[in-house]
Every structure is written in C-alpha cells, then in structure tokens.
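# Sequence plus predicted model, see below.
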Amino acid sequence: MVQFKSATEVTTMIRDREISSQELVKSLLSHIQKHNSKVNAVIQLDEEGALSQAKHADSLAAKGKWTGPLHGLPITIKDSISTKGFINTYGLPQYKNYRPNQDAEVVRRLRNAGAIIIGKTNLPFAAFDWQCKHPIYGTSNNPWDPKHTPGGSSGGAACALAMGFSYLEVGSDIGGSIRYPAHCSGVYGLRPTEGIIPLDRMAHLSFPNVFRNLVTMGPLSRTAKDLELNFKILSGNILQDETCPNLSQVRVLWSDKIGSVPTSKDSLSVFHGFIQNLEKNVASLEEKTPNFDIDENLNVFGTIAGYEHIAFLPQPLRSYLIRQFFRVGMTRWIFGSSNLSIEFDRGLFSSLDRYVKALTSRDRMMLDMHKNFDSADIWITPASPLPAVAHHKVGKPIKVDGVEYPYSRVFGDSLVPFVTLGHPVAVIPIGFSSTGLPIGVQIHAKRFRDSFLVKIIQQLAQVAGFEGAGKRPPLAE
C-alpha cells in the first residue's frame, strides 16, 4: 500500500512519474475516510484544497518544474501549529472557529518544499497532557490498540503517521509531547536542540510565545530516514551537515531507569534485548547514568514553567486568585501530587529573582550534561516506564508492575529532565510489548549535534529491525 511507503520513497516515485500527486492525495483521503473513525487522529480535512494543490503540482511536474524535495507530498499538521486555510483551536474551545491569516514558519517551510497539507491532527486541551483528549474533537486512540492512548500532546500527529494518514508531521515538546507519542504509536520523533526550529505561531496570536526556555518544535515521521528529511526542512539547514561515523565507531552509554519510577519488566525485556544487539555493533557500550540530580532538575523545570505560564494568561487572569485556581485546579489535575506539581505551583507565585536563579541553575546543568558527552557519542534511555497506557483519568496514579506512582512521575521522570538539560533527543521504536504495543527508546546526543543524531538513528533503526513489512497497525487493515 502506497500509504505506508516512506516520504523518501514516495517523493522519488513522484519525480520518476510512477505516481501522480493527485493519485497520492486521493489514496490518502480514501484511507483516512475508511479508518480515521477508529482512532480519531485527523480532526479536519481540506479535500478540495488538497486536490487542487495536487493538480497544480502535477502540472508543474509535467513541465519538469519542481517546487522542492517534498513536491506533491500530502502531509498533516498538529492543531496547535497555525496553518492558513484551516481552523486552529490550539486545543482551546474558545477558538473553535478561528482561522489564522498566515502559516507558522515551520508550515511555510514545508509548503515551500512542496508539501500539500491535507488536514489537521488532534491534541489534548491546551496541548497540556500526555494523553490526547480534545475538548471539542474528543479522544484519539492508539493505532495498535484503541483501548490505549497514542500519547500527547502530539498524539494525533503520531497516530496519523502510524495509520498511514500522513507522510510527515510536526510536533511540539515541552514535557515529552513529541517523544511520548512517538513511543506510544511506534514512529520516530525528535526534540531538537532549542532554538534551531522557529517557534512562531505555535499558539493563538493573543498569547505570547511563552515557555521559550523549554519548548521546541520538531519532526515526526514513520522512518528514520524521513526524520532526517523532515528535520532539514524544518530547521532550514541551520546546522552544518555533520558527517556521521559508522556505528562501529560510536561510543554508547545506556541506563534502563531514570528517576523514581522503575521500568516495567515487559519494557525492560525489550530494552535489554536492543542493548544486547548493540553490543556487537558499536565501539563501546557502558551502563552509566550521567551525573545529574533529577529532583533538582525537575524543581528547576517547574519553577521556569510555572513562572513563564503566568505570561500565557490574559492580563485580567494574572491575579493572585486566578493563579490560586491554577494551583488547586489545573496543575493538580494534570500533574497529580508530585514534586512537579509542587514546583509548578511555586513557579506560578515565584519572584523574578527566583526565576532568574532557576535559569542560572539550568545553565549549569546544561553545561554539565554537555561535558558528559565528551566521553560518549550517544546515551540511550527508556522513553517511558510502560508501553502506551490505557485511557486513564488525568492526574490519577498509574500502576507499574502493580505498584502505584504519581501520574506526572510515570511520564515526567523519563521525559522532562531532558527538557531542562536542553540537548537533542530522538525516540526510535525498537519492538513490541507482550500485549502488542510499540516500545521506543530515547537516543541522546550533545547539544547542537542534531545532524549527527538524525543520521546515527538510521543505523540504530537497522539494529532494532522495527521498520519494514509486517509493522502496519491492526487498526489500519
């Protein structure tokens, strides 16, 4: 099925005139109409506009003219990223009819590369959860098992890729919103080094770009090679294209647990199997966790995120009483009872002095982590203690091997510390749990070695053996 070919393959087919853009768009639209009701990943379609753009792409191709490396390729875009011609709710019900008058820069870059945007994908309320339940469009389901989440906040994006609804996607990540959906849905995602990909129009224009010290946009794809293609376009090739060594020259550190929540036995089995396969393929392999204090790390994250969140509120809602509502309401609802919620609460009431001290602590942590990569090229950690969780009440504790842990710590311990540390992290799928759900790992590299990272994971993907025939989700059959 052409829907499950890679973007790299399909763009070659278009250039070789083996398939037209119109045929490709019609194929995807038909596939979405047949299967989207099972997962609720795509929340809007522009069939007429997509077909019109495809017709234009084909007319250019007939004259030997090409708009770029994605000429005629149909893709989708996450709801929180401004896309002209579509309703953009940003996960907020008050914007149920809002249509932005221009694209976010990342969307503009994709269009300029020749991509055709056929639809928008689902996300949770305000893009603020590790699950995917929109206040208007409802809940998205995991493509491998509808009783489970596809992850959040870029859950619709990752699910759409896994289901064959799209060839490339864009996510945003402040606490794992690219990486966790990639893990849950069995696709590839990259949280790049901060500042490499523009953040404009990632929210409604009435809001400032907050969390600029923590958030990134980044690529999602169905294959490792497509992740590199997507990253180059989104970043505008801002980084020098780094030469990638053979995997046999790469020095690897690994850790099978981060923080207070243990990795489940089922996930550990898959993780250790991947590490064992790596042993004969790399220069060195050492079990070691770089030295950093996770509790201090999460405290710094909470302080910065909480303080910057105040700016996200319209001026009338920045009062002490409204912030108290966020303290007892939204933060506890999302985070449950954990040090993440405590520090986020404190951040909402922080002084400028405390905020600046947290930024200073973050600078030190980032430098320390940067030095850790002097003796290793990559570091491998679990993407989550568990495969995709079953649809779960937000904020309620989650069991790992029968033991309850706070909601935010189950997700946050594996994902949030690396937001504070600021280096690039990719998630790649490495296998399946005993219940048939995908399991991914995080691959870390030194800051600004993003080009190296998106290349080396192509070799790691071959070791994992996840890509290829037989990996189509059952809900897409």
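Nice, I can see it.

# Show the end-to-end separation of stretch 124-135, please.
7 Å (Cα to Cα, to the nearest Å).

# Flag every buried residue along that stretch.
Neighbour counts over stretch 124-135 (16 or more other Cβ atoms under 10 Å) mark Pro124, Phe125, Ala126, Ala127, Phe128, Asp129, Trp130, Gln131, Cys132, Lys133, His134 as buried. Any C-beta I mention is one placed from the backbone N, CA and C, and that applies to glycine too.

# Check stretch 396-414 too.
When neighbours are counted by 16+ other Cβ under 10 Å, the buried residues of stretch 396-414 are found to be 397-398, 400, 405-414.

# any idea which of the residues you listed is closest to Asn291?
Closest approach between these and Asn291, by Cβ to Cβ: Asp413, at 16.6 Å.

# State the distance from the closest residue in space to that closest one that isn't next to it in sequence to Ser408.
Counting by Cβ to Cβ, 6 or more residues apart in numbering, Asp413 lies nearest to Gly259, which is 2.9 Å off, once chain neighbours are set aside. Using Cβ to Cβ, to the nearest Å, Gly259 is found at 11 Å from Ser408.

# pLDDT wise, what is the residue nearest to Asp413 at?
Each residue has a pLDDT score; the one for Gly259 is 90.

# Leu239 now?
81.

# for the residue nearest to Asp413, helix, strand, or coil?
Under DSSP: H, G, I helix; E, B strand; the rest coil, the three-state class of Gly259 is coil.

# I'd like the numbering to begin with 20 instead of 1 from here.
Sure, I'll start counting at 20 from here, so that last one is Gly278.

# That one contacts Ser433, doesn't it?
Yes - with contact defined as Cβ atoms under 8 Å, Gly278 reaches Ser433; the gap is 7.0 Å.

# wait, which of the buried residues of stretch 415-433 is closest to Arg381?
Gly431 (16.4 Å).

# Could you name the helices and strands sitting against the host helix or strand of that closest one?
Using DSSP states H and E, Gly431 maps to helix 426-434. If you count contacts as 3 or more Cβ pairs under 8 Å, 6 or more residues apart in numbering; DSSP states H and E, helix 426-434 packs onto helix 198-204, helix 349-354, helix 358-367, strand 417-419.

# Lowest average pLDDT across the ones you listed?
Mean pLDDT is lowest for helix 349-354 among these, at a mean of 61.

# Report the strands that pair with the host helix or strand of Gly237, each with its relative direction.
When elements are assigned from DSSP H and E, Gly237 belongs to strand 235-240. Strand 235-240 sits in its sheet next to strand 187-192 (antiparallel), strand 207-210 (antiparallel), going by DSSP bridges.

# Local confidence estimate at Ser56?
Per-residue pLDDT puts Ser56 at 98.

# I'd guess it is in a strand, am I close?
No - per three-state DSSP, Ser56 lies outside any strand segment and is helix.

# Give me the residues contacting the strand holding Gly237.
Residues outside strand 235-240 that contact it (Cβ atoms under 8 Å, 6 or more residues apart in numbering) are 25-26, 100, 125, 173, 176-177, 180, 186-193, 197, 200-201, 206-213, 215-218, 221, 246, 248-250, 253.

# could you measure Thr108 against Leu253, distance?
22 Å.

# Please apply the same query to Ser394.
Shown here: Ser394 relative to Leu253, a distance of 30 Å by Cβ to Cβ.

# Specify which residue of those two has the higher count of neighbours.
Shown here are Ser394 and Leu253; by other Cβ atoms under 10 Å, Leu253 has more neighbours (25 against 12).

# Name all residues that make contact with that one.
If you count contacts by Cβ under 8 Å, 6+ apart, then Leu253 has Val125, Arg128, Leu129, Val189, Ile216, Met236, Gly237, Pro238 around it.

# following the helix holding Gly431, which helix or strand comes up?
helix 436-440.

# and that following helix, average pLDDT?
95.

# Please apply the same query to stretch 78-87.
Averaged across stretch 78-87, pLDDT comes to 97.
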